[in-house]
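Chemist: what shape does this take:
(one chain, ligands or ions: 3)
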Amino acid sequence: MDKFIVSARKYRPQTFDTVVGQSHITTTLKNAIRHQQLAHAFLFCGPRGVGKTTCARILAKTINCENQTKEGEACDKCQSCTSFNDSASMNYFELDAASNNSVDNIRDLVDQVRFVPQTGKYKVYVIYEVHMLSSSAFNAFLKTLEEPSTLCHLYPGYYGKTQNSSYYPQSLPDF
Ligand SMILES: Nc1ncnc2c1ncn2[C@@H]1O[C@H](COP(=O)(O)OP(=O)(O)OP(=O)(O)O)[C@@H](O)[C@H]1O
Ligand SMILES: [Mg+2]
Ligand SMILES: [Zn+2]
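Modeler: Ligands and ions are numbered 1, 2, ... in the order given. Modelled structure (predicted):
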């Protein structure tokens, strides 16, 4: 069973350069990493299956990499990169706002975000379907969105406090 990997994981790009298309996003992210001008929250918008989760994971891995390349890519070999590739990083969290949309869910998150990472550089929180948060939950979240060390992966509906990225569907020739 160890050898069985679902295709969505097997073929998921592991570096920005292997993401097909979306270069307006991957280049921007790489430049921000290279110049150490990374926003602390990002809003990734776009239709299904265009690379939002993929890019969020690459971004999380890259900013935690111990030997980033000068192009702003992860080395994919250091201990941090390896733990990301094995889905074993202690610095990566995913929350589905569709089923965790209450103020209490967000308070739990806000409580966690306050602690610095025990290993590595950044804790990264990816929040799916962020438009599903109740308005009181989103209000409870606003202050955290303005603070460093949070990376949010948000869906359409909430703009303003984050750096926004729009993903386009890719045509077959790009692949
Ligand atoms: N731009 C891309 N380049 C290469 N592979 C891609 C790209 N976009 C999606 N994929 C592949 O398609 C699968 C789904 O991509 P991903 O999970 O990133 O989509 P998503 O935008 O998060 O979709 P959803 O809205 O359903 O969450 C992954 O296996 C990924 O490798
Ligand atoms: Mg996704
Ligand atoms: Zn690395």
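
Chemist: looking at the protein, which helix or strand does the model trust least?
Modeler: None of the helices or strands of the chain scores lower by mean pLDDT, DSSP states H and E than strand 153-154, at a mean of 55.

Chemist: how about stretch 36-56 against ligand 1, any contact?
Modeler: Yes. Residues of stretch 36-56 contacting ligand 1 under C-beta under 6 Å from any ligand atom: Gly46, Arg48, Gly49, Val50, Gly51, Lys52, Thr53, Thr54. Backbone N, C-alpha and C define where each C-beta goes, glycine included.

Chemist: just flag the most distant two among those.
Modeler: Arg48 and Thr54 (12.3 Å; C-beta to C-beta).

Chemist: compare neighbour counts for those two and give me the winner.
Modeler: Ranked by neighbour count (other C-beta atoms under 10 Å), Arg48 and Thr54 place Thr54 first, with 23 against 6.

Chemist: a strand runs through that one, doesn't it?
Modeler: No. Looking at Thr54 with DSSP: H, G, I helix; E, B strand; the rest coil, it is helix, so not inside a strand.

Chemist: ok, now how distant is the residue positioned nearest the centre of the chain from Ser102?
Modeler: Centroid-nearest residue in the chain: Ala56, 2.6 Å away (criterion: C-alpha atoms, centre = their mean). Using C-beta to C-beta, to the nearest Å, Ala56 is found at 23 Å from Ser102.

Chemist: contacting residues for Ala137?
Modeler: By C-beta atoms under 8 Å, 6 or more residues apart in numbering, Ala137 lies in contact with Ala97, Asn101, Ser102, Val103, Asn105, Ile106.

Chemist: where's it, which helix or strand?
Modeler: Applying DSSP states H and E as the criterion places Ala137 in helix 135-145.

Chemist: mind listing the helices for this structure?
Modeler: Using DSSP state H, the helices of the chain run over 7-10, 23-34, 52-64, 79-85, 103-113, 135-145.

Chemist: tell me what angle the second one forms with helix 52-64.
Modeler: Inter-element angle recorded for helix 23-34 and helix 52-64: 20 degrees (by axes from the mean of the first three to the mean of the last three C-alpha atoms, to 10 degrees).

Chemist: quick check: residues of this protein near ligand 2?
Modeler: Within reach of ligand 2 by C-beta under 5 Å from the ion, the chain has these residues: Lys52, Thr53.

Chemist: what are the buried residues along stretch 26-41?
Modeler: Within stretch 26-41, the residues that qualify as buried by neighbour count (16 or more other C-beta atoms under 10 Å) are Thr26, Leu29, Lys30, Ala32, Ile33, Leu38, His40, Ala41.
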